[in-house]
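S.K.: Return atomic coordinates for the entry below.
(one chain, ligands or ions: 1)
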Amino acid sequence: MRQNIIAGNWKMNLDFNQATELVKEILDKQKESDVLTIIAPPYTHLKSIKDMLGQTDIRLAAQNCHHQESGAYTGEISVKMLKSVGVDYVILGHSERREFFNEDSLAISYKVSKVLENGLIPIYCCGETLEERNEAQHFHIIEKQIKQGLFQLNELELNDCLIAYEPVWAIGTGETASPDQAQEMHAFIRKTIANEYNEIIANNISILYGGSVKPSNAVELFNCPDIDGGLIGGASLQVDQFIELTQSF
Ligand code: PGA
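M.R.: Numbering: from 1, shown residues only. Below is the predicted model of the structure:
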């Protein structure tokens, strides 16, 4: 069911002590709100952070996973392993995975299916580069990423997914998509889903915007009718900014 969400993507930041310190601060400073709050620390911190979160409403995400159940995949982490330490969500197909680790939408689609099979929730990321936007290819690119990454799913499965639209040119650059640009793409993603499935599914799915979201631009973005929240990188490492973002709806 569609809901307001703030998801913090910590990326490859914070050693164990810094990470647990940040969680402590978040727990101390968090305020009453209806917003679903998710944090995605590095793998090595997940179990301890899960223990710290205990019975609070803050949910835990991993930043990636492997699509196989288990086996000879040195250095990889399976969904079952994530599940066994209490992870609820898995970020998949982040543009940094696509760019630096050559993940394409097909490979990511296997991960999406595996995550769902294990009862966890994928946060499927899509986004165009600046070059693609300048060449007016952005709708085409996003449509392709959505189709290839998600349309292997049946209605019930898709209903369980979250989507994050993150234009690559806005990630970590300080440059944000304007509310109009973001709203336009979010509406397009819903239309793409409605065409393949139906309006109900399209309207039920939560679509987050990501790319230099901070308290100063969040309210305007989250006010857009098709933007349900944010996938937050840099600002999720600053406790005050992160808490303020959960209050920006
Ligand atoms: P940013 O990162 O907020 O630092 O731009 C967003 C993301 O990559 O998820």
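S.K.: Alongside the ligand, which residues does this protein contribute?
M.R.: Residues of the chain lying close to the ligand (C-beta under 6 Å from any ligand atom) are 9, 166, 171-172, 210-213, 231-235. Where C-beta positions appear, they are placed from N, C-alpha and C, glycine not excepted.
S.K.: out of those, which are buried?
M.R.: Among the residues of the chain next to the ligand, those classed as buried by 16 or more other C-beta atoms under 10 Å are Asn9, Glu166, Ile171, Gly210, Gly211, Ser212, Val213, Leu231, Ile232, Gly233, Gly234, Ala235.
S.K.: Was I right to think Ile141 contacts Glu128?
M.R.: Yes - using C-beta atoms under 8 Å, Ile141 is in contact with Glu128, at 4.4 Å.
S.K.: These two: which is more packed in?
M.R.: Neighbours were counted for Ile141 and for Glu128 using other C-beta atoms under 10 Å; Glu128 has more, 24 against 17.
S.K.: Single out the residue in the chain that lies closest to the ligand.
M.R.: The ligand sits closest to Gly233 of the chain, with a gap of 2.2 Å, by C-beta to the nearest ligand atom.
S.K.: Show the pLDDT at that residue.
M.R.: Looking at Gly233, its pLDDT stands at 97.
S.K.: residues in contact with it?
M.R.: Residues in contact with Gly233 (C-beta atoms under 8 Å, 6 or more residues apart in numbering) are Asn9, Lys11, Ile171, Gly172, Gly210, Ser212.
S.K.: Name the nearest residue to the third one, ignoring sequence neighbours.
M.R.: This points to Ile171. Gly211 (5.0 Å; C-beta to C-beta, 6 or more residues apart in numbering).
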